[in-house]
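A.B. asks: Sequence isn't available, so here's the structure alone:
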């Protein structure tokens, strides 16, 4: 199944995390925040200028910059 980046989700859309790529320090931090393979993530809303993005996962909300969200692969 083809994957895409987390920052490509539309508001209200959900997907499952398949991998975290990029710089090791940021990838580890994203995984510590809950972005691990198999986790369902939903885009809740965008800031007025489109950055940051607010996601819901594991029962809580978290905001990421678009650059960070682009390192999370989803299917």
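C.D. replies: Ah, there it is. Keep in mind that this is a model prediction, so the values were computed, not measured.
A.B. asks: alpha carbons only for contacts and neighbour counts from here, please
C.D. replies: OK.
A.B. asks: ok, the closest residue to residue 75 other than its chain neighbours - contacts?
C.D. replies: Of all residues not flanking residue 75 in the chain, residue 3 sits nearest, at 4.9 Å (Cα to Cα, 6 or more residues apart in numbering). By Cα atoms under 8 Å, 6 or more residues apart in numbering, the contact set of residue 3 is 18, 73, 74, 75.
A.B. asks: Show me which of those is closest to residue 27.
C.D. replies: Using Cα to Cα, residue 73 is the member of the contacts of residue 3 that lies nearest residue 27, at 11.2 Å.
A.B. asks: And for the helix or strand encompassing the closest one, what's in contact with it?
C.D. replies: In this assignment (DSSP states H and E), residue 73 forms part of strand 72-74. Strand 72-74 has contacts (Cα under 8 Å, 6+ apart) with 3, 4, 5, 6, 15, 16, 17, 18, 19, 20, 21, 35.
A.B. asks: which one of those sits closest to residue 62?
C.D. replies: residue 35 (10.5 Å).
A.B. asks: I'd guessed that closest one sits against residue 17; true?
C.D. replies: Yes. The criterion here is Cα atoms under 8 Å, and residue 35 meets it with residue 17 at 6.7 Å.
A.B. asks: Name all residues that make contact with residue 33.
C.D. replies: With contact set as Cα under 8 Å, 6+ apart, residue 33 has no partners.
A.B. asks: Now the phi/psi pair for it, please.
C.D. replies: Residue 33 has phi and psi values of phi -80, psi -10 when expressed as degrees, to the nearest 10.
A.B. asks: between the contacts of strand 72-74, which is nearest residue 55?
C.D. replies: Proximity of the contacts of strand 72-74 to residue 55 (Cα to Cα) peaks at residue 6, which lies at 9.6 Å.
A.B. asks: Was I right to think the closest one contacts residue 68?
C.D. replies: No. In this structure, residue 6 is not within contact of residue 68 by Cα under 8 Å, at 9.0 Å.
A.B. asks: For these two, indicate the residue with more neighbours.
C.D. replies: More crowded of residue 6 and residue 68, by other Cα atoms under 10 Å: residue 6, with 27 against 21.
A.B. asks: residue contacts, that one?
C.D. replies: 69, 70, 71, 72, 73, 74.
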